[in-house]
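Engineer: how would this look folded up:
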Amino acid sequence: MTVSDMSLANAIRALSMDAVQAANSGHPGMPMGMADVATVLFRDYVKFDASAPRWADRDRFVLSAGHGSMLIYSLLHLTGYARPTMDDIRNFRQLQSPCAGHPENFELAGVEATTGPLGSGLATAVGMAVAERHLNAQFGDDLVDHRTWVVAGDGCLMEGINHEAIGLAGHLKLGRLIVLWDDNKITIDGSVDLSSSEDVRARYAATGWHVVSCDGHDVADVRRAIDEALADPRPSLVACATKIGYGAPNKAGTSGVHGSALGDVEVAAAREFLGWTAEPFVIPDDIAAAWKAIGAKARDVRAAWEDRLAKAGNGPEFSRRMAGDLPESFSLDAYVDSLIAAPQKVATRKASELALGAINDLLPETLGGSADLTGSNNTKTKSTGPLTAADYGGRYVYYGIREFGMACAMNGMALHGGVIPYGGTFLVFSDYMRAGIRLAALQQQRVIHVLTHDSIGLGEDGPTHQPIEHVMSMRMIPNLDVYRPADVVETAECWELALKDATGPSVLALTRQNLPQLRTDKAGENLCARGAYRLLAATAERKVVIIATGSEVEIAVDTARALEAQGIGADVVSMPSWAHFEAQPQSYREDLLPHHVLRVSIEAGTTFGWERYTGIAGLRFGIDSFGASAPAEALYDHFGLTAAKIAPQIAAALNN
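Structural biologist: Residues are numbered from 1 along each chain as shown. Presented below is the predicted three-dimensional model:
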């Protein structure tokens, strides 16, 4: 006997309301309202094999409305993924359950992206769609031929990042991206019309999207709308008119079902309304079997793809890229040797460009870009032609003035696999990107942010553009490596570290102003991998250790020389990465920063946090106010960040 569409959808509704009720926490309304749409989508359209969740040519499904996480948990369980088990679902939102309040990509195979901050999932999906087209252009239809599907809610479409994301997707004509909008007209506060009266459909159409509407509870109408979307070459928005909490007879269609458990009485009433007689967390055998069959429907498609992969001449290269492995031969040693042989005085943003020239020749998987600051960030090289709607094989994305959208799109590229994304803007604009950078760290994705103009050294643009707290605030994000290199050699070393770390994102904070090459001898190792190292050792008896980063390492060297001229022994420690230094053995850290000498920090940013290394009794030179508009040299003098002003204060502290 054929299982009806309604029975399949009601399995999602039952699991969703039961899990939220058991946790007494969660959002039952969205999964109950979108159950019919999700049933049609997974049964008839999404290409996936539950037994092979990492199949490279699977369709990607992103639940941008991550608060409705029981929708994806129900779908994964019902279609036969190894997890979540029914016990996992019973423990929804509990410690150590993979069924977290919002979907986490590192908890469950089948969750393609961590979502929750509204709008970020859709923006991430844009990056996935870019990666799919890019890899298709390089490897062809036989290996790369899939779609990206998104379920988004009203909140996802209201957030500012939605404007950035859909503008980029429309411009690039990402026709394999289809967004299903849960158009239920309800937010937490109540009806959408309390806060919004815009014409969402017209906004999407204006950015180059195909738009179609359907009744989200009429499966035939849902199919019609999706078929229209598939037939159109543009990215598509499918507006699914739904009733939030469908099936709950007293709360459906109200904000009361958005973010709270239904309650025992309403759950019982919903069971009666839906004709669902099974006990909580029990799926009738016929419905369970029908869902498992859906999870296996593409098994033969996957097997045929694997056969093509095995026979493809470029199959090993495709597999390497999708695995995230660098070529065994990858090394920047030869490039660094060339710098030692011919030292260069350049800004570290230019040093980054020079390093990228070597990197992009060695790594065909890099995919660069900038948020309309290519000439300032120095992120484009001769190997990276533009990625456009006419040529998805290009290796450089012109993101426009869309910093947050760029950050989330790069997350999507990394999550898709097969590319290593990097993108540039000014460090001060990391404020716009912070949520995206944080999500990259949470999702453990290799995304590289090239953030230039990293201090008052940018000069005349003034305090709106001069970072003060930004480097330190980036250091506070868990699993984010923040590098602030001091010269062209350190910049190359930091790039190598960022590329070799497949477990998290990196920030390279780079200067506008030229810096001398301080490293002129071959080290035999990547010294930046230690996080901090002794760049200059005291010649007189050591009395002070000066710790500095980036452009201030040059100042530290000049300060040490001034002190040595007075008979005061001074070490200079370059500290490009706090995180890498903290990972060193205690013996190394104590040897570098002994407690019996005065410890001093110099960084052209906030002094907040440097107490960790200087101690309370140490000295901290930096800027604890906003900057000013003036040439860089005048600003460094004004804020006391010169050897002539720092050395006397160190000497005075030692005399006291």
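Engineer: Look up how far G368 lies from the most centrally placed residue in the chain.
Structural biologist: For the chain, A440 is the residue whose C-alpha lies nearest the centre (C-alpha atoms, centre = their mean; 2.8 Å). Distance from A440 to G368, counting by C-beta to C-beta, to the nearest Å: 16 Å. For the C-beta atoms, the positions are set from N, CA and C on the backbone; glycine is no exception.
Engineer: go on, D142?
Structural biologist: 27 Å.
Engineer: Likewise for Y73?
Structural biologist: With C-beta to C-beta as the criterion, Y73 and G368 are 36 Å apart.
Engineer: again, but for E633
Structural biologist: 32 Å.
Engineer: The two: which has the busier surroundings?
Structural biologist: G368 (27 against 12; other C-beta atoms under 10 Å).
Engineer: Confirm that that one lies within a strand, as I assumed.
Structural biologist: Yes: under DSSP: H, G, I helix; E, B strand; the rest coil, G368 sits within a strand.
Engineer: so it sits right up against G423, yeah?
Structural biologist: Yes: G368 lies in contact with G423 (C-beta atoms under 8 Å); the separation is 6.9 Å.
Engineer: what touches both of the two?
Structural biologist: 379, 397 (C-beta atoms under 8 Å, 6 or more residues apart in numbering).
Engineer: Provide the secondary structure category for P280.
Structural biologist: coil.
Engineer: thinking it is in contact with A22, fair?
Structural biologist: Yes: P280 is within contact range of A22, at 7.5 Å (criterion: C-beta under 8 Å).
Engineer: quick one, what contacts D461?
Structural biologist: 453, 629.
Engineer: so what's it scoring on pLDDT?
Structural biologist: On the pLDDT scale, D461 is placed at 97.
Engineer: Same check on N656?
Structural biologist: Looking at N656, the pLDDT reads 87.
Engineer: and stretch 378-388, which residues are buried?
Structural biologist: 378-381, 383-384, 387 (16 or more other C-beta atoms under 10 Å).
Engineer: for stretch 600-608, how far is the first residue from the last?
Structural biologist: Using C-alpha to C-alpha, to the nearest Å, the end-to-end distance of stretch 600-608 comes out at 13 Å.
Engineer: So what touches it?
Structural biologist: 455-457, 467-472, 484, 544-552, 555-556, 559, 610, 613-614, 618-624, 636, 639, 641, 646, 650.
Engineer: so the residue nearest to the centre of the chain sits right up against T503, yeah?
Structural biologist: No: contact criterion C-beta under 8 Å: A440 and T503 do not qualify, at 11.0 Å.
Engineer: Pull out the buried positions in stretch 243-262.
Structural biologist: Those would be 243-248, 250-262, for stretch 243-262 by 16+ other C-beta under 10 Å.
Engineer: cool, stretch 544-557 as well?
Structural biologist: Buried, per 16+ other C-beta under 10 Å, within stretch 544-557: 544-557.
Engineer: try stretch 394-407
Structural biologist: Neighbour count says stretch 394-407 has 394-400, 402-407 buried, by 16+ other C-beta under 10 Å.
Engineer: do the same with stretch 267-279
Structural biologist: Quick answer for stretch 267-279 (16+ other C-beta under 10 Å): 267, 269-271, 273-274, 276.
Engineer: and the residues you listed as JSON lines, adding secondary structure?
Structural biologist: Compiled in JSON lines, those are given as follows (three-state DSSP):
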{"residue": "V267", "secondary structure": "helix"}
{"residue": "A269", "secondary structure": "helix"}
{"residue": "A270", "secondary structure": "helix"}
{"residue": "R271", "secondary structure": "helix"}
{"residue": "F273", "secondary structure": "helix"}
{"residue": "L274", "secondary structure": "helix"}
{"residue": "W276", "secondary structure": "coil"}
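Engineer: Turn these into CSV, columns for pLDDT.
Structural biologist: Output for the buried residues of stretch 267-279, formatted as CSV (pLDDT from 0 to 100):
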residue, pLDDT
V267, 98
A269, 98
A270, 98
R271, 98
F273, 98
L274, 98
W276, 98
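Engineer: Nearest to R519, out of these: which one, please.
Structural biologist: Relative to R519, the closest of those is V267; by C-beta to C-beta it sits at 66.6 Å.
Engineer: Name all residues that make contact with the closest one.
Structural biologist: 17-18, 21.
Engineer: all helices for the stretch 551-656 of the chain, in order.
Structural biologist: 552-564, 578-582, 586-592, 611-614, 632-638, 643-655 (DSSP state H, counting those that start in this stretch).
Engineer: picking that back up, specify which member of the buried residues of stretch 378-388 is nearest to G170.
Structural biologist: Out of the buried residues of stretch 378-388, the member with the shortest distance to G170 (by C-beta to C-beta) is L387, at 15.0 Å.
Engineer: Could you verify my assumption that the closest one touches M413?
Structural biologist: No: with contacts counted by C-beta under 8 Å, L387 stays clear of M413, the gap being 10.7 Å.
Engineer: overlap in contacts of these two?
Structural biologist: 130, 367.
Engineer: need the buried residues of stretch 378-388 in CSV with pLDDT, secondary structure and distance to D36, can you?
Structural biologist: Shown next, in CSV, are the buried residues of stretch 378-388 (pLDDT from 0 to 100; DSSP: H, G, I helix; E, B strand; the rest coil; distance: C-beta to C-beta, whole Å):
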residue, pLDDT, secondary structure, distance to D36
N378, 98, coil, 51
T379, 98, coil, 45
K380, 98, coil, 47
T381, 98, coil, 49
S383, 94, coil, 48
T384, 97, coil, 44
L387, 98, coil, 37
